[in-house]
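Participant: A predicted structure for the sequence below; I have some questions about it.
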Amino acid sequence: MAVFIIRRLLWMMLVLLVVSAITFILLRSVPGGPFNTERGVPEPVQRSLEEKFNLSAPLPEQYLKYLTDITIPRITGEEFRRSLTNDYLINMPLPFLGEKTYLRWMNFGPSLRVRSRTVNQLFLENLPISFQLGIAALVVAVAIGVPSGVVAALNRNSWLDYLSMGIAITGVSVSIIVSAPLLQYLFGVQWKLLPASGWGTLQQAILPSFALGFTYSALLARLTRASLLQVMTEDYVRTARAKGLSERVVVIIHALKNALIPVVTVIGPLFALLVTGTFVAETIFAIPGMGRYFVTSVTNRDFTVVMGTILLYAGFLVLANMVVDILYAWLDPRIRLS
């Protein structure tokens with residue numbers, strides 16, 4: 001297991017390196033820049049800004065400096081003074097090397113459009129909000145989707161099956177652009193049961209979590225139903241029944257664990273998607289998460305914010321897939337990690 005985890009971590013570094021290179025090249029290939037505005041910027045001013053943020057250097061030199069600032073940790077005993085070009089995501093004290101010795105790592109640089117803030121500040125302030133919303137939405141999706149799929153599969157072609165799959169199809173078909181304002185109107189405006197927008201309290205988290213989670217719960221319900229129906233026809237399930245085991249034991253112990261393998265496969269990327277920010281939900285419910293900054297940074301050509309957010313999403317995605325692969329061995333003993 002340890003060898004597998006180390007190998008996957010090495011692959012993760014390679015994947016992040018390739019993702020960073022492709023993103024860097026594509027961003028620089030798009031016409032325009034972070035300092036272009038509708039009114040226009042005088043050429044001397046634009047040249048001065050590009051020199052300040054190292055945008056006038058050759059592309060290989062820009063990429064190498066960006067990669068160095070992110071990947072290479074620094075151990076320093078000097079007093080840390082945060083600035084736009086000197087802001088690290090990880091500042092870990094190392095008391096065994098000295099009283100004021102720190103490990104500083106991951107400098108994503110300054111935001112090129114929000115001049116007074118760095119990318120790390122955006123992460124520290126907005127990513128926890130997106131993470132909380134994503135975890136809540138994922139809990140809602142799993143809590144609704146998996147039981148609905150199991151009930152539908154165990155009552156195939158009955159009214160429970162039709163009801164569960166009807167709700168699932170509705171969830172897949174109705175976009176959050178439609179469902180979220182409808183929930184706001186009913187529960188926030190018409191019935192006044194829950195806040196219609198904002199973030200910070202449990203009541204404010206209910207509507208966006210349900211609106212976001214219900215859409216993906218429909219996908220999990222259909223996938224759980226199809227997978228469980230296939231597993232219930234396997235030989236080992238018939239053998240368990242022939243031994244006289246109760247139906248509950250057959251379903252929970254022998255069938256459900258194997259049926260959840262495709263579901264877990266989907267939950268991994270879904271987790272990375274939800275915790276890094278969903279622009280539509282955050283915009284409709286006025287939630288100050290990462291999704292809003294990511295979309296606006298693309299339109300504003302804010303290179304550092306786009307690079308940082310994409311690398312963050314890629315990191316979450318690779319880690320989630322690694323956890324999924326580890327769970328495979330627990331769900332199905334026939335799977336061996338070598």
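Facilitator: Sure, I can see it. Residues are numbered from 1 along each chain as shown.
Participant: Listing request: residues of the stretch 1-150 of the chain with sub-threshold pLDDT.
Facilitator: Applying pLDDT under 70 to the stretch 1-150 of the chain flags residues 1, 37-41, 78-80.
Participant: How about the backbone phi and psi for Ile90?
Facilitator: Main-chain torsions, Ile90, degrees, to the nearest 10: phi -110, psi 120.
Participant: Centre-most residue in the protein?
Facilitator: Ala272 (2.6 Å; Cα atoms, centre = their mean).
Participant: And the strands in this protein?
Facilitator: 74-76, 90-93, 102-105 (DSSP state E).
Participant: and the second one, how far out from the chain's middle?
Facilitator: Mean C-alpha position of strand 90-93 versus that of the full chain (Cα atoms, centre = their mean, to the nearest Å) differs by 24 Å.
Participant: Can you read off the pLDDT for the residue nearest to Ala218 when sequence neighbours are not counted?
Facilitator: Leaving aside its sequence neighbours, Ala218 sits nearest to Gly171 (Cβ to Cβ, 6 or more residues apart in numbering; 2.9 Å). Backbone N, C-alpha and C define where each C-beta goes, glycine included. Looking at Gly171, its pLDDT is 86.
Participant: Who are the contact partners of Val45?
Facilitator: Neighbour list for Val45: empty [criterion: Cβ atoms under 8 Å, 6 or more residues apart in numbering].
Participant: The one 5 residues further on now?
Facilitator: With contacts defined as Cβ under 8 Å, 6+ apart, the neighbours of Glu50 are Gly33, Phe35, Ser56.
Participant: Pick the one among those closest to Gln62.
Facilitator: Comparing those against Gln62 with Cβ to Cβ places Ser56 closest, at 9.0 Å.
Participant: hang on, the closest one packs against Arg47?
Facilitator: Yes: counting by Cβ atoms under 8 Å, Ser56 does reach Arg47; the two are 7.0 Å apart.
Participant: quick one: the residue nearest to Ala218 from Met165, how far?
Facilitator: 10 Å (Cβ to Cβ, to the nearest Å).
Participant: Same check on Glu125?
Facilitator: Counting by Cβ to Cβ, the gap from Glu125 to Met165 is 41 Å.
Participant: neighbour-wise, which of those two wins?
Facilitator: Neighbour comparison, Glu125 and Met165: the larger count goes to Met165, with 17 against 14 (by other Cβ atoms under 10 Å).
Participant: give the contact list for the closest residue to the more buried one other than its chain neighbours.
Facilitator: Closest residue in space to Met165, ignoring its immediate chain neighbours: Ala152 at 5.7 Å, by Cβ to Cβ, 6+ apart. Residues near Ala152 by Cβ under 8 Å, 6+ apart: Leu160, Asp161, Ser164, Met165, Ala221, Arg225.
Participant: Likewise for Ser175?
Facilitator: Thr215.
Participant: do Leu124 as well
Facilitator: Leu89.
Participant: hmm, try it at 7 Å
Facilitator: Contact analysis of Leu124 by Cβ atoms under 7 Å, 6 or more residues apart in numbering lists nothing.
Participant: again with Leu84
Facilitator: Pro110, Thr118.
Participant: how does it look with 8 Å?
Facilitator: Here Leu84 is in contact with Pro110, Arg115, Ser116, Thr118 (Cβ under 8 Å, 6+ apart).
Participant: The residues you listed, buried ones only, as a ChimeraX selection?
Facilitator: Under the burial definition 16 or more other Cβ atoms under 10 Å, those of the contacts of Leu84 that qualify are selected in ChimeraX by:
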select :110,118
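Participant: What count of nearby residues applies to Pro58?
Facilitator: The burial count for Pro58: 8, using other Cβ under 10 Å.
Participant: Please disregard the earlier target; I meant Arg74.
Facilitator: 11.
Participant: Looking at the strands of the chain, spot the one closest to Arg7.
Facilitator: Going by Cβ to Cβ, the one of the strands of the chain nearest Arg7 is strand 102-105, 22.7 Å.
Participant: export the closest one as PDB, just CAs?
Facilitator: Extracted in PDB, the C-alpha atoms of strand 102-105 (Å, rounded to 0.1, in the frame of the first residue of the first chain):
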ATOM      1  CA  TYR A 102      10.100  29.000   9.100                       C
ATOM      2  CA  LEU A 103       9.400  26.800   6.200                       C
ATOM      3  CA  ARG A 104       7.800  28.900   3.400                       C
ATOM      4  CA  TRP A 105       6.200  27.100   0.500                       C
END
